[in-house]
Structure formats: structure tokens, C-alpha cells
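*Asks:* structure here, sequence nowhere to be found:
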């Protein structure tokens, strides 16, 4: 059987390149591929364009690490706390480097990725009419319906080089099951040239084939599969990991100053060899026990028999 | 009179905007608590829709900090993608949406992108789904803190369009939703004049001097006389709010 299993280090080194357009955090506040983001920082992959609806604090970490030239997003910050201080420093003061920002709404990100996933140059929408986004984002252009003449906004296709997707389980060929709120995950998966799937568990192919409606993306679209338990931490992964609210609070406090952020980055990212050491640090701090699922709730099996 | 916080009063007032059987784009923070309160009291069949794709018609089994927290998925009626959730909004099937904002002007336009002078401004997180909700919800309710620097004559960046420059601006610009219907602050409740679409005071919260509302609002605001007062939260309201926000993370 063809296998696409790589270590996290290998997958990032092989499939994420400097200058890439990378979509991450496509499910919104959950299933955010933090482990991959941290590894991109460790490997010094820079000049990135980050694409996503909200991204929670992952984009802020990468911006602070100096890895990002441009952000195409609806929202950049720390969802429970508000502002992202690295994002602010980059936009307001060019620190640690200037950052180009292309403002979107959640729906225009979805619409742009959808257009790319269907091989279209653009798709129309009714959102953002009358907003200042139309003046700032050249990918949002006022237009009219060719049939009715109604005002619409044309959203230019958003074409990522790489989509990084965290899922609950995948097989060795990259067929991936994900569940819960998925946001724009499927559009991202079908829009990108390369897809990097990070799974809590690698499972045998029959597990995926037993429930094809739960398959997010077929293996032939996937470049690499990585097994990384706790790889979405601090974001939640339904059935595996609860949200580490305290981690977001501590990050917010630490990143208030550039020096505080640098110390945080050294403690949790650059000072650690890999994701295994990150998990060990979480374990040593007693965090994993609190984040594990205490009350499992399995679905009732669907019958695919005939 | 039961002791309550301004946040709790805002939640209780916001909950009254939700009708039974309505489809509500919920958002987070105070509006989420308002939705849970409405569901638990006068609107037991209201349905909540979140931009991440979660649709639910029952309260969550545990408190939430974000809309994607695991308790919000447990027992949800549907987990769809954003496309269908936003599609419902775009198709005019969402009755009510809630958003907040950093800055608002007299026609209910909101700015959550950048504030302050050119060249020395503060960069804010941006739209998220706020612009989408403001453009396309059947009606929009805005919940935010009442400060002079937030209530300005004209926002410098329209992240989420309200009534634009007033009157028939929304129709002229092709915006499908009805636009802002109410603004709930920690001092008062505004509604919008049916013809000019300018924000006018509908009620002032108990214990708040109307002059304070005037001082905190960046344009000459109309306050009816005698001053209508916002109803206080009931004991039941407070019990429900405290059940869903036990640490007072959002409501205190």
C-alpha cells in the first residue's frame, strides 16, 4: 500500500516552502494545526502569506516569529482575549518586520477558496456591499448580476499553495475523517496545490471506508499525513482534546511586549526540539490531564449494508 | 431589587430581541449568553446558528468561551460548513444577528478594523463574520460598551455597514438585510428612526443620568422626555446567566 506518512519535521520540510501561500485554521477556533505552525518557525520557513478566516492566536505567533510577509484573513487576534499584540506591532510599527494585510470577511474567505476549489476565477456574493473592505482589498470588486442587474461583490479566487488541516483520524494514504464545526476546511482542502493532513490518530483504511460521509478529503489530494497526538493544542479537537483556555490567557499576557513574546517563543517553540518535547512540557506542567476528554459521546453507527 | 452587573442587564435586554422560533446568528460573548437566556425563558424554540457551522436548538451542556468549544458541538442539531451557514444568511433566512464593535457612528456603521489617527492608529482584529452578519441578517442588534471614543459622528473605516449615510442608503447599495434595529450599551438602548435611520435613545438604564448618555455619545443625541427606563433583569434572568457564565468571564 502506498503510504504518505511522514514525521512532522519531514512533512513541513518537504511540503511547506519559503514564500508559500498557506491556509491554516480553516475550521475557525478548533482543529487549528498549531504543531505545524510551531515546526515552521523552528525550520525558519519565512516570507509566508497566511490565509484563513480567524486563525485564533496561531497567526499572531507566526507573525511575531517574523515568518509572515502578508496576511489574507477576516480576523487576526486571540479570540477569547481580543487583540493579537504581534499583529498590532507588525502593522503599526513594522516589528519584527512590515506586514501586508488584505482584509476579508469570513464569508469572502470562504467564497474565494470555494472559487479556487472549483477552478473558477471568482464567485459573486452579497456580503461586504457598502463596506470599506471594497476600497482596500483588490480581490473584492463591486459588480452587477448579468441577469437581474442587482449589485453584487465579485470575490477573486484565493489559491493557496498549501492547506494545513488538523483532523481526528486519517489512513496512511491521506483519506481523512474530521467532525465537528469545519468552517472552510473542505474548500481549503480542495483549493490548495498541496495538502498536509495532521491526524490525532492514523487508522487502518477500513475505518475511513466504513463511514465515507465523514471523509473530509480523499487521499489522492493529500501530499503528506502526519500523526501528532495533541497537535491542535491549545485549540480543541472534538473527542480528543479540550480547549486550553489558560494557554491563550498566558500567551496574551506574555506577548504584550516584544521581550515577553520572545521568552514565550523560546519556552514553547524554538527552545524545544520538536512536537514530542512540546507535549512532554505540557505533561510535566500537569496540563494534559485537564485537557483530556472525560465524558466520551460516541455517535450511533450508520448502516452502510445492503 | 436584585444586584446585577451592567453586563447582566445588557444580556437580559438583548435576550428580549429574540423571538420564539427565530433563526438567530448568535456570535459570542454577551450575545451568546443572551441567546441561551432567551432559549431558557421566552423563546424555547429559537434556533442558534454559528458562523463556524454549528446549528443548535438546545442550551450547551457546559459554558463556552468560543463558539467552537467542544460543549457547543455536543448535542448540536447540525455541524455544517461555513458555506451553508453564511448561505442561509445570504438567502435571507436568518431573522436576527448580533455583533459588537470597537467604534460605531450615528447611522450604526461599525468599525472593528482600525482606530485612531492616520499613521498612528491602532490595528484591531478585523471583521471576522461581523460584516457578513451586518450586511445580510434580517435585522441586526449591536451590543457594545458606551464610551465617548467608541460613539463617533462618523467611523473612519466601515467594517460592518449599518445604515450608511441614512435614509435609503442600504437599498441603494443593494444590501439584502434590514440593518441595525437596536444598539444595546451599558448605559442605554438605541433604536433607529424609521425614516432618517439615525440612532435615537429608546430607554436609559436604571440609575444612569441621561446627561451621561449625551456626554458619552459623539453627536447630539435625541432622548425622549420623560426618560423611558430599561427593564431590570429578573431573578430568573440572573440565575440563567450565572449558570452559563459561572465565572462571570463575559457578564462581569
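*Replies:* That came in fine, so what should we check first? Computed from a predicted model, the values in this text were never measured in an experiment.
*Asks:* any weak-confidence spans in the stretch 1-150 of chain A?
*Replies:* Regions of the stretch 1-150 of chain A meeting the criterion pLDDT under 70 cover residues A:1.
*Asks:* name the residues of it found near chain B, please.
*Replies:* A:27-30, A:53-54, A:56, A:73-77, A:79-80, A:82-84, A:87-88, A:91-92, A:101, A:103-107, A:110, A:114, A:125-133, A:150 (CB under 8 Å from any CB of the partner chain). The C-beta positions use only the backbone N, C-alpha and C, and glycine is treated the same way.
*Asks:* if you set the cut-off to 7 Å instead, what comes out?
*Replies:* A:27-30, A:54, A:73-77, A:79-80, A:83-84, A:87-88, A:91-92, A:103, A:105-107, A:110, A:114, A:125-133, A:150 (CB under 7 Å from any CB of the partner chain).
*Asks:* of these, keep whichever come out buried.
*Replies:* For the residues of the stretch 1-150 of chain A next to chain B, a neighbour count by 16 or more other CB atoms under 10 Å in any protein chain shown gives the buried set as A:27-30, A:54, A:73-77, A:79-80, A:83-84, A:87-88, A:91-92, A:103, A:105-107, A:110, A:114, A:125-133.
*Asks:* how about the helices in the chain?
*Replies:* You didn't pick a chain, so chain A it is. A:8-15, A:34-42, A:57-64, A:85-93, A:106-117, A:133-136, A:185-191, A:205-209, A:245-254, A:258-265, A:275-284, A:287-291 (DSSP state H).
*Asks:* think we crossed wires, I meant chain B
*Replies:* Under the criterion DSSP H, chain B contains helices at B:6-15, B:30-40, B:70-73, B:82-90, B:130-136, B:169-172, B:210-216, B:235-244.
*Asks:* does chain A sit close to the fifth one?
*Replies:* Right, helix B:130-136. Yes. Where contact is defined by CB under 7 Å from any CB, part of helix B:130-136 touches chain A, namely B:131-132, B:135-136.
*Asks:* same check on the fourth one?
*Replies:* Yes. Using CB under 7 Å from any CB, we find that helix B:82-90 touches chain A at B:82-83, B:86, B:90.
*Asks:* could I get the residues you listed as JSON lines with neighbour count?
*Replies:* Converted to JSON lines, those look like this (neighbours: other CB atoms under 10 Å in any protein chain shown):
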{"residue": "B:82", "neighbour count": "31"}
{"residue": "B:83", "neighbour count": "20"}
{"residue": "B:86", "neighbour count": "28"}
{"residue": "B:90", "neighbour count": "20"}
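*Asks:* got those as a markdown table, with pLDDT and distance to residue A:274 columns?
*Replies:* Shown next, in a markdown table, are these (pLDDT from 0 to 100; distance: CB to CB, whole Å):
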| residue | pLDDT | distance to residue A:274 |
| --- | --- | --- |
| B:82 | 96 | 32 |
| B:83 | 97 | 36 |
| B:86 | 97 | 38 |
| B:90 | 97 | 44 |
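*Asks:* for residue 175, what are phi and psi?
*Replies:* Let's take chain A. Note on residue A:175: backbone dihedrals following degrees, to the nearest 10 are phi -60, psi 120.
*Asks:* switch to chain B, please.
*Replies:* Dihedral pair for residue B:175: phi -80, psi 120, per degrees, to the nearest 10.
*Asks:* got a list of what it touches?
*Replies:* A:129-130, B:135, B:161 (CB atoms under 7 Å, 6 or more residues apart in numbering or on different chains).
*Asks:* of the helices of chain B, which shows the lowest average pLDDT?
*Replies:* Least confidently modelled of these is helix B:30-40, at a mean of 90 by mean pLDDT.
*Asks:* so which other helices or strands are in contact with that helix?
*Replies:* helix B:6-15, helix B:235-244 (3 or more CB pairs under 7 Å, 6 or more residues apart in numbering or on different chains; DSSP states H and E).
*Asks:* give me the residues contacting the first one.
*Replies:* Right, the one you point to is helix B:6-15. B:30-31, B:33-34, B:37-38, B:41, B:98, B:141, B:143, B:184, B:186, B:189, B:205, B:230, B:232-233, B:237-238, B:241, B:250-252.
*Asks:* please redo it, this time with the cut-off set to 6 Å
*Replies:* Here helix B:6-15 makes contact (CB atoms under 6 Å, 6 or more residues apart in numbering or on different chains) with B:30, B:33-34, B:37-38, B:143, B:184, B:186, B:230, B:233, B:237, B:241, B:251-252.
*Asks:* same deal with stretch B:70-83?
*Replies:* Contacts for stretch B:70-83 (CB under 6 Å, 6+ apart): A:110, A:180-184, A:186, A:236, A:238, A:242, A:297, B:53-58, B:60-62, B:64.
*Asks:* now, which of those lie within strands?
*Replies:* B:54-56 (DSSP state E).
*Asks:* what about residue A:101, neighbour count?
*Replies:* Residue A:101 has 19 neighbours, counted by other CB atoms under 10 Å in any protein chain shown.
*Asks:* tell me the bridge partners for the residue nearest to it when sequence neighbours are not counted.
*Replies:* In this structure, residue A:101 finds its nearest non-sequential neighbour in residue A:71, 5.3 Å apart by CB to CB, 6 or more residues apart in numbering or on different chains. Judged by DSSP bridges, the bridge partners of residue A:71 are residue A:50, residue A:101.
*Asks:* ok, back up a step: most tightly packed of the helices of chain B?
*Replies:* Among the helices of chain B, the stretch with the highest mean neighbour count (mean count of other CB atoms under 10 Å in any protein chain shown) is helix B:130-136, at a mean of 30.
*Asks:* by contact count, what packs against it?
*Replies:* Helices and strands touching helix B:130-136, by 3 or more CB pairs under 6 Å, 6 or more residues apart in numbering or on different chains; DSSP states H and E, are helix B:82-90, strand B:96-99.
*Asks:* what parts of the stretch 101-250 of chain B come near chain A?
*Replies:* For the stretch 101-250 of chain B, the contact set with chain A under CB under 6 Å from any CB of the partner chain comprises B:123, B:125-129, B:131-132, B:135, B:157-158, B:161, B:164, B:173-176.
*Asks:* next, the buried residues of stretch A:207-216.
*Replies:* Neighbour count says stretch A:207-216 has A:207-208, A:214-216 buried, by 16+ other CB under 10 Å.
*Asks:* follow-up on the earlier one: which one of the contacts of helix B:6-15 sits closest to residue B:22?
*Replies:* Set against residue B:22, the nearest of the contacts of helix B:6-15 by CB to CB is residue B:38 (8.9 Å).
*Asks:* show me what residue of the stretch 101-250 of chain B gets nearest to chain A.
*Replies:* Nearest residue of the stretch 101-250 of chain B to chain A: residue B:174, at 3.1 Å (CB to the nearest CB).
*Asks:* ignoring the adjacent residues along the chain, who's closest to that residue?
*Replies:* residue A:151 (3.1 Å).
*Asks:* and that neighbour, what are its bridge partners?
*Replies:* residue A:144.
*Asks:* of the contacts of stretch B:70-83, buried ones?
*Replies:* A:110, A:180-184, A:186, A:236, A:238, A:242, B:53-56, B:60, B:64.
*Asks:* quick one: end-to-end length of stretch B:120-134, please.
*Replies:* Chord length of stretch B:120-134, first to last residue, is 28 Å (CA to CA, to the nearest Å).
*Asks:* name the residues that touch that stretch?
*Replies:* A:54, A:74-77, A:88, A:91-92, A:103, A:105-107, A:127-128, A:131, B:25, B:51, B:86, B:97, B:99, B:102, B:112-116, B:140, B:159-161.
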